[in-house]
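Trainee: okay, predicted coordinates and the sequence, questions at the end:
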Amino acid sequence: MSAEIDRQDFAVERPKGPLVYRQSVWTRVTHWVWVVCLFFLLFSGLQIFNAHPALYIGQESGFEYDNAILRMQAFNTPEGLRGRTAVFGQTFDTTGVFGLSGPAERPNLQGFPSQLTIPSYRDLATGRVVHFFFAWVFVATLFVWFLASFVNGHLKRDIVPRGEDLRGVPADIGAHARLRFRHGRTYNPLQKLSYFVVFFVLFPLIILTGLAMSPGINAAWPWIIDIFGGRQTARTIHFVTMALLVLFFVVHLIMVIMAGPINEMRSMITGWYRTSPGTPSRKGDR
Amino acid sequence: MGGNRITRRRFLGVSAAAASSLTLAGCGQFDFLGQRDNEVRGVLERANDLTYRVQRALLGDDWLAREFSASEIRQGQRPNGSTDPTTPEYMFLQQRNFADYRLEVGGLVDTPMSFSLEELRNMPQRTQITRHDCVEGWSCIAKWSGVPLAHVLDQVRVRPQARYVVFRCFDNIERGLTGDVLYYESCDLIDARHPQTILAHAMNDAALPVANGAPLRVRIERQLGYKMAKYVSSIELVDSFADIAGGKGGYWEDRGYDWYAGI
């Protein structure tokens, strides 16, 4: 069916599905607030990481024993300064990116390069100020989103996958692989699944692991350290979850571009979304 | 909408734009946030007041930080910040193994007093194995012994108008041509009277080493390491720290770090 749609693109008069009001104002506003929050959280987070560019498993950081699973460092070698990244005991030369970056005459001996940190220079204090401000906004917005989405049905209709969605996953993987997207009133099975993972796994995980690093919260909720197996493990999971959210962002952006960026952007700005031909009209459509 | 002929070209264009916007962060557009007197930064810093208030509401005054078992001490306590103070006052005390050390406690108290190490060791003691969390991100577990600060505060009788405890230190964390900058810190009276807040003179069953703050350092176990001043020379009860040094309540606070470090 989508093959037919593709061929119809050549037609002089392209058939259109109804213009539907797909994104409520709650979804749109929270979406763009998160864009801003996650931008600042990511780059201020990398600033904070650079203060100690190593990740460990356990309660503490091994200085007299080794429980690190990742470490970015600069080394003096016969060929000059090199940046190296050790992951699970494997060491890679990452000169120019991790461990050592910046201009040759004034190299930065730091984990992530300054292009990826806020501020661009080393300033842990500011990284923390920025990170915690946007963490509060992020969590408050998530709270608003969950409440609004529960009340207006977005959660049930578009996010939580139903049996039919799960059964439709194999066919949907095929459609995505062939870059054939069907634009309906709600999300396709893979969309639902990925948003579900973001809202019910990644967002809660990154918030809880963030809180688990707070010594104050540790005293208030001692279980938070136990569920992650130690503060340093929580810090590692926080980092890994960040990487998964970046991966989500990249795929999300590619999908928006592939599925028709004008239509997708319009729906996330105005709420109105052009559906595929053959989508049954309903009252309220344009 | 679904045609994949144009989307490839469009894809390349937009992804190039997206990739370049990613590097926006590092081109210094947000470096103004690093200026300590910037107004926007001032707004962002207010989040720390919120964190402080929310944590105080969530956290019972006497709720303890996690304590660990002896088997979880797997290494020495990693020293950080000053590790070898060079002020004449400190070096003089150090030469005589701190025999002449006296902790001065004053400010908004009824009876200002001073205590020798011997006197502090003869007060009620508390020993705890706790995790030290550095603001940099690392953690280290060690055993600390000392006298609860609450006990010392009871000796001098804190006046009702006192709101903060200020720890003044011997260590010259900055040594410049214009003179030394001495470390100092402060906390509220809730953390000061917390059962695990001790003036520690021993670490891992030995006298506190110089690198870790000999002869006396404070442990504030529900906050980060920079609050736990080492080389404490005196304690002062105040109603405001606005007139002390940079006015932000601590050496690192004066340099842009949050005053409340429970996060």
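Mentor: Here it is on my side, so go on. Numbers count the residues shown, from 1 in each chain, chains lettered A, B, ... in the order given.
Trainee: C-alpha only now, for contacts and for neighbours.
Mentor: Will do.
Trainee: how near is the residue in chain A positioned nearest to chain B to A:F98?
Mentor: Nearest residue of chain A to chain B, counting by CA to the nearest CA: A:Q115, 3.3 Å away. Distance from A:Q115 to A:F98, counting by CA to CA, to the nearest Å: 12 Å.
Trainee: out of these two, which sits in the busier spot?
Mentor: Neighbour count, other CA atoms under 10 Å in any protein chain shown: between A:Q115 and A:F98, A:F98 has more, with 24 against 20.
Trainee: where do the helices sit along chain B?
Mentor: Remark: helices assigned in chain B by DSSP state H are B:4-22, B:39-58, B:88-95, B:117-121, B:149-156, B:189-192.
Trainee: meant to ask about the stretch 101-250 of chain A, not that
Mentor: With helices called from DSSP state H, counting those that start in this stretch, the stretch 101-250 of chain A shows them at A:124-152, A:154, A:163-167, A:169-177, A:189-197, A:203-212, A:215-220, A:223-228, A:231-259.
Trainee: now do the fifth one: which elements does it pack against?
Mentor: So the one you mean is helix A:189-197. Judged by 3 or more CA pairs under 8 Å, 6 or more residues apart in numbering or on different chains; DSSP states H and E, the packing partners of helix A:189-197 are helix A:169-177.
Trainee: buried residues of stretch B:166-184, list them for me.
Mentor: Within stretch B:166-184, the residues that qualify as buried are B:166-173, B:182-184, counting by 16 or more other CA atoms under 10 Å in any protein chain shown.
Trainee: need these in TSV with distance to A:F239 and pLDDT, can you?
Mentor: Output for the buried residues of stretch B:166-184, formatted as TSV (distance: CA to CA, whole Å; pLDDT from 0 to 100):
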residue	distance to A:F239	pLDDT
B:V166	35	98
B:F167	35	98
B:R168	36	98
B:C169	36	98
B:F170	38	97
B:D171	35	96
B:N172	35	94
B:I173	32	94
B:L182	35	96
B:Y183	32	98
B:Y184	33	98
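Trainee: check B:K248 and give its pLDDT.
Mentor: Looking at B:K248, its pLDDT is 97.
Trainee: ok, it - contacts?
Mentor: Counting by CA atoms under 8 Å, 6 or more residues apart in numbering or on different chains, B:K248 makes contact with B:241-242, B:254, B:259.
Trainee: what's the residue closest to the geometric middle of chain A?
Mentor: Compute the mean C-alpha point of chain A, and by CA atoms, centre = their mean the closest residue is A:L245, 2.2 Å away.
Trainee: looking at it, that residue is touching A:L202, isn't it?
Mentor: Yes. The pair A:L245 / A:L202 is scored as a contact, 7.1 Å apart, by CA atoms under 8 Å.
Trainee: just give the closest residue to A:E64, not the sequence neighbours.
Mentor: Nearest residue to A:E64 in three dimensions, chain neighbours excluded: B:Q75, at 5.8 Å (CA to CA, 6 or more residues apart in numbering or on different chains).
Trainee: the one you found reaches A:F63, doesn't it?
Mentor: Yes. Assessed by CA under 8 Å, B:Q75 is found in contact with A:F63 at 7.3 Å.
Trainee: between the longest strand seen in chain B and helix B:149-156, how big is the angle?
Mentor: Counting by DSSP state E, the longest strand found in chain B is strand B:164-176. On the basis of axes from the mean of the first three to the mean of the last three CA atoms, to 10 degrees, strand B:164-176 is oriented at 110 degrees to helix B:149-156.
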